[in-house]
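A.B. asks: Just a sequence and a predicted model for now, questions to come.
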Amino acid sequence: MKIITSIEDLRDQLSGQLRTAFVPTMGSLHEGHLSLMRLARKHGDPVVASIFVNRLQFGPNDDFERYPRSLEADAEKLAREGVYVLFAPSEKELYPEPQEYRVQPPDNLGNMLEGEFRPGFFNGVCTVITKMFSCVQPRVAVFGKKDYQQLMIVRNMTRQLAMPTEIVGAETWRADDGLALSSRNSYLSAAERDEAPALFHCLNTVADNVRTGRLPIAEVERSAMASLAQRGWKPDYISVRKRHDLLAPDAADLEAGTPLVVLAAARLGTTRLIDNLEI
Ligand SMILES: Nc1ncnc2c1ncn2[C@@H]1O[C@H](COP(=O)(O)OP(=O)(O)OP(=O)(O)O)[C@@H](O)[C@H]1O
Ligand SMILES: CC(C)(CO)[C@@H](O)C(=O)[O-]
Ligand code: BAL
């Protein structure tokens, strides 16, 4: 595996490649990331991964400085997965001047859920992904469903901007107790790690209650938020949405059996976790 830090070297290395499969990450790699590499291999060749902790998508009080970084261990894991190139640019390389040209997702999708609680987050994601795609020129790129709204926004962006990259979604990789793997899980204390699967259990309860249809959805969401809060969590949202546009379902949607997903974000101590479940 080649570790490349400059855009120019990356272009040289990948010139003439028409089937590149790309997996962008922020590093601190876990089994969920590695499952994305394996899926990428099924969709193209060579597989290119990136590691870049993108300051643009962090708010002023977010964990940019604290975000875990482990480039050497990450590179070993990627090499074992048969990744051809690891692109790991410095901030100076990717943002040599203030990034004034930005890619702004539409308000409806970009300002709800994660966008509401992390203002500017999706602007930062869309901007860095557009720039990464311009560097790597992938035919396919793989994103995890754990970041459900991000996957949808990136997919819509590539379609509306006619980018020549197909977006593939990967299932969420979980620990045996149900917790979605996430780099931020490393912030959890032992006691918090024991508590953390409650978020996924809560999503399952919501899904069960929506399926039975006995309670109004708003009531199901409220009671899920309350039960997490009672366990010491600080939930930002637990929300049932339509899978295709992430809008709240109305009675006609429920009647028609429109596919739904429940999305959640909550703080456990100082760690903010997100997860979701297709119903
Ligand atoms: N458990 C998982 N299963 C499948 N894909 C995942 C999982 N965790 C992360 N990914 C995907 O890996 C890609 C890179 O994500 P990222 O580097 O932010 O990792 P992360 O574990 O989500 O970290 P964070 O703690 O920042 O949320 C994204 O497409 C993300 O959706
Ligand atoms: C897609 C991404 C690598 C962009 O920085 C990041 O948002 C992530 O790791 O999910
Ligand atoms: N996993 C998505 C990137 C972020 O939370 O900043």
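C.D. replies: Happy to help now that I have it. Numbering: from 1, shown residues only. Ligands and ions are numbered 1, 2, ... in the order given.
A.B. asks: Please make it C-alpha for all contacts and neighbour counts, starting now.
C.D. replies: Noted.
A.B. asks: Need the pLDDT of the residue located most distally from the centre of the chain.
C.D. replies: Taking Cα atoms, centre = their mean as the measure, the residue most remote from the mean C-alpha position of the chain is residue 214, 32.1 Å away. At residue 214, the model reports a pLDDT of 88.
A.B. asks: now swap in the one 3 residues further on and tell me
C.D. replies: In the prediction, the pLDDT value recorded for residue 217 is 97.
A.B. asks: circling back to that earlier point, which secondary structure state is assigned to the residue farthest from the centre of the chain?
C.D. replies: coil (DSSP: H, G, I helix; E, B strand; the rest coil).
A.B. asks: ok, it to residue 147 distance?
C.D. replies: 29 Å (Cα to Cα, to the nearest Å).
A.B. asks: One more: residue 182?
C.D. replies: For residue 182, the distance to residue 147 equals 10 Å [Cα to Cα].
A.B. asks: For those two, indicate the residue with more neighbours.
C.D. replies: Between residue 182 and residue 147, residue 182 has the larger neighbour count (other Cα atoms under 10 Å), namely 20 against 16.
A.B. asks: Up against ligand 1, what does this protein have?
C.D. replies: Within the chain, the positions lying close to ligand 1 (Cα under 6 Å from any ligand atom) are 25-27, 32-33, 143-147, 170-174, 180-184.
A.B. asks: Buried ones among the residues you listed?
C.D. replies: The neighbour count (16 or more other Cα atoms under 10 Å) marks 25-27, 32-33, 143-147, 170, 172-174, 180-183 as buried among the residues of the chain next to ligand 1.
A.B. asks: Beta-bridge partners for the residue nearest to residue 4 when sequence neighbours are not counted, please?
C.D. replies: Taking Cα to Cα, 6 or more residues apart in numbering, and ignoring the residues beside it in sequence, residue 4 has residue 87 as its nearest neighbour in space, at 4.9 Å. With DSSP bridges as the criterion, the beta-bridge partners of residue 87 are residue 4, residue 50.
A.B. asks: Local confidence estimate at residue 87?
C.D. replies: Reading off the per-residue confidence, residue 87 sits at a pLDDT of 98.
A.B. asks: Would you check that it makes contact with residue 8?
C.D. replies: No - using Cα atoms under 8 Å, residue 87 and residue 8 do not qualify as a contacting pair, with a distance of 11.2 Å.
A.B. asks: picking up where we left off before, mind listing what the residue nearest to residue 4 touches?
C.D. replies: 3, 4, 5, 6, 10, 48, 49, 50, 51 (Cα atoms under 8 Å, 6 or more residues apart in numbering).
A.B. asks: Quick check, the last one in contact with residue 27.
C.D. replies: Just to be clear, that refers to residue 51. Yes - applying Cα under 8 Å, one finds residue 51 in contact with residue 27, separated by 5.0 Å.
A.B. asks: Buried ones in stretch 33-52, by neighbour count?
C.D. replies: Under the neighbour-count rule (16+ other Cα under 10 Å), stretch 33-52 has 33-37, 39-41, 43-52 buried.
A.B. asks: Go through those residues and flag which are in strands.
C.D. replies: The strands, defined by DSSP state E, take in 47, 48, 49, 50, 51 from these.
A.B. asks: export those to JSON lines and tack on pLDDT and distance to residue 70?
C.D. replies: Written out in JSON lines, the entries for those read as follows (pLDDT from 0 to 100; distance: Cα to Cα, whole Å):
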{"residue": "47", "pLDDT": "98", "distance to residue 70": "20"}
{"residue": "48", "pLDDT": "98", "distance to residue 70": "18"}
{"residue": "49", "pLDDT": "98", "distance to residue 70": "15"}
{"residue": "50", "pLDDT": "98", "distance to residue 70": "13"}
{"residue": "51", "pLDDT": "98", "distance to residue 70": "10"}
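A.B. asks: Can you lay out those as TSV showing distance to residue 241?
C.D. replies: Formatted as TSV, those follow (distance: Cα to Cα, whole Å):
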residue	distance to residue 241
47	33
48	33
49	31
50	31
51	31
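A.B. asks: And those residues, which is closest to ligand 1?
C.D. replies: Nearest to ligand 1 among those: residue 51, at 7.7 Å, using Cα to the nearest ligand atom.
A.B. asks: which ones are touching that closest one?
C.D. replies: By Cα under 8 Å, 6+ apart, the residues touching residue 51 are 24, 25, 26, 27, 86, 87, 88, 89.
A.B. asks: Give the helix, strand or coil label for the fourth one.
C.D. replies: Which is residue 27. Here residue 27 is coil, with the state taken from three-state DSSP.
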